[in-house]
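Trainee: coordinates only, sequence not included:
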């Protein structure tokens with residue numbers, strides 16, 4: 001579990017940190033704006049991520065946005081954050097693939113340099129690289 005998501009604060013402390021009344025936190029929970037974790041005794045426990053979310057909610061409501069609008073904004077923000085994570089994952093995959101391509105190109109270059117020195121038997125049909133002509137009626 002990430003540190004920012006670790007439940008640390010009981011409702012009174014969380015309300016004070018977020019600058020709201022504890023009853024406001026209960027209302028926000030009822031509306032689905034925040035979902036604190038619960039102890040075995042059913043005590044609400046808020047994480048730093050919850051406090052950050054509450055601060056954003058306060059910022060939006062102080063700008064005159066009603067709770068329905070805040071819910072919509074938070075939903076869209078969540079979707080955007082998910083897409084950002086997906087994009088980051090895809091960038092990592094592209095970097096890994098680019099590294100692999102570079103590795104394979106280096107191997108191909110080394111192999112090409114060593115081929116003239118090798119005593120290889122001639123094959124009946126030469127090997128073609130992708131994109132080097134027609135094969136089986138298909139253009140490459």
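Mentor: Sure, I can see it. None of the values given here were measured: they were computed from a predicted structure.

Trainee: and the pLDDT for residue 125?
Mentor: Note on residue 125: pLDDT of 61.

Trainee: ditto for the one 5 residues further on
Mentor: According to the prediction, residue 130 has pLDDT 59.

Trainee: regarding this structure, what is its longest helix?
Mentor: For the chain, the helix that runs over the most residues, judged by DSSP state H, is helix 67-114.

Trainee: does anything pack onto that helix? Which helices or strands?
Mentor: Judged by 3 or more CB pairs under 8 Å, 6 or more residues apart in numbering; DSSP states H and E, helix 67-114 is in contact with helix 48-62. Any C-beta I mention is one placed from the backbone N, CA and C, and that applies to glycine too.

Trainee: next, the buried residues of the helix it packs on.
Mentor: Across helix 48-62, burial judged by 16 or more other CB atoms under 10 Å covers 48, 50, 51, 53, 54, 56, 57, 60.

Trainee: would you turn these into a markdown table with distance to residue 24?
Mentor: Formatted as a markdown table, those follow (distance: CB to CB, whole Å):
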| residue | distance to residue 24 |
| --- | --- |
| 48 | 18 |
| 50 | 13 |
| 51 | 13 |
| 53 | 13 |
| 54 | 9 |
| 56 | 14 |
| 57 | 9 |
| 60 | 14 |
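
Trainee: and of these, the nearest to residue 19?
Mentor: Taking CB to CB as the measure, residue 19 lies nearest residue 54 of the buried residues of helix 48-62, at 8.2 Å.
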